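Student: Next one to model:
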Amino acid sequence: MSAKSIKITYWVLLILFCLFHVMDAIGGLTKAQAGIDAMNAMGYPIYLMQFLAVLKLLGVAALIQNKFKTIKEWAFAGFSFTLIGAAVSHACVNDQVLFIVMPIVFLIILFALYYCWRRMDQAQLA
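Tutor: Residues are numbered from 1 along each chain as shown. Okay, the predicted model is just below:
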């Protein structure tokens, strides 16, 4: 892949990933009924929705910025743990396949995003 195609892929994936998580965070902050139903089905307390929503917004901010690389690495790790946990939680309560697959799809997007970011970072160092 050329440097230009990596950069374009990075920004497209970043925008997709961040938009999804901002919308999800807004749902968590406003305590959307679908989120409450999901939390109840999995046995999690409702107050966890707002806590996770704030963390998602902080994670999105960390992914968008390029000054603090360690913070960005931690955001990638945090989103990885969250998405894996979501897939496992939905699977453990025998939820619909869509709710198990969606976090895995976003995890794949996150891995591709991380790969592109590392490639761009290496190209800047060379």
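
Student: can we go C-alpha only for contacts and neighbour counts from here?
Tutor: Noted.

Student: And the longest helix seen in the chain, what's buried?
Tutor: In the chain, taking DSSP state H as the definition, the longest helix is helix 97-125. Within helix 97-125, the residues scored as buried using 16 or more other CA atoms under 10 Å are 99-100, 103-104, 106-107, 109-110, 112-114, 116-117, 120.

Student: ok, those vs residue 85, which is closest?
Tutor: Proximity of the buried residues of helix 97-125 to residue 85 (CA to CA) peaks at residue 103, which lies at 8.7 Å.

Student: how near is that closest one to residue 26?
Tutor: 17 Å (CA to CA, to the nearest Å).

Student: Residue 7 too?
Tutor: For residue 7, the distance to residue 26 - CA to CA - is 28 Å.

Student: now swap in residue 119 and tell me
Tutor: 31 Å.

Student: same check, this time on residue 17
Tutor: Taking CA to CA, one finds residue 17 at 14 Å from residue 26.

Student: Just the pLDDT at residue 4, thanks.
Tutor: As predicted, residue 4 sits at a pLDDT of 89.

Student: oh sorry, the question was meant for residue 113
Tutor: 97.

Student: mind listing what it touches?
Tutor: Residues near residue 113 by CA atoms under 8 Å, 6 or more residues apart in numbering: 9-10, 13-14.

Student: how near is it to residue 66?
Tutor: In terms of CA to CA, residue 113 sits 14 Å off from residue 66.
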